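Asks: Fold the following, please.
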Amino acid sequence: MKLSEYFEKTAGRGILATADAHGAVNVAIYARPHFVDEETVAFIMADRLTHKYLRSNPRAAYLFMESGEKYVGKRLYLTKIKEEENPELIGKMRRRKAYTAPAEDRTEKKYLVYFHIEKILPLIATHDS
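Replies: I've put the predicted structure just below:
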């Protein structure tokens, strides 16, 4: 199964981890990635700590844990390749079309941040990963 299909069909929760140039770490809950192709994903993000850290360090890791009682999922190791501020494109990419942001979030600037997938590992490491 292609990675894009896996994320399209699999329910679960994701966490995006970033670090700044000095090594300060941040983790945040993120929805499933949007696939551009099988090697490129994008995330919609607000101008908060995750986005700030990506300005000084383009590397990130995304951990996805499938819904259920077993520890199954994927770990994606990512490198930021570009970003854009395009509210119309961001609106089209949102999965929850009926979503209405809370009033304080409506004026917050949003970014579409693109990453190259460097490496894919299972959620639980084997002796080879």
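Asks: Can you point out the buried residues in stretch 54-63?
Replies: 54, 57-58, 60-63 (16 or more other CB atoms under 10 Å). All C-beta atoms are positioned from the backbone trio N, CA, C, and that covers glycine.
Asks: possible to save those as a markdown table with pLDDT and secondary structure?
Replies: Below are the buried residues of stretch 54-63 laid out as a markdown table (pLDDT from 0 to 100; DSSP: H, G, I helix; E, B strand; the rest coil):
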| residue | pLDDT | secondary structure |
| --- | --- | --- |
| L54 | 98 | helix |
| N57 | 98 | coil |
| P58 | 98 | coil |
| A60 | 98 | strand |
| A61 | 98 | strand |
| Y62 | 98 | strand |
| L63 | 98 | strand |
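Asks: for those, which one is nearest Y30?
Replies: Y62 (6.9 Å; CB to CB).
Asks: can you pull out the strands in this protein?
Replies: 12-19, 25-30, 34-37, 40-46, 59-66, 73-84, 110-122 (DSSP state E).
Asks: tell me the average confidence for the second one?
Replies: The reference is to strand 25-30. Strand 25-30 shows a mean pLDDT of 97.
Asks: Show me the strands paired with it, marking each as parallel or antiparallel.
Replies: The pairing partners recorded for strand 25-30 under DSSP bridges are strand 12-19 (antiparallel).
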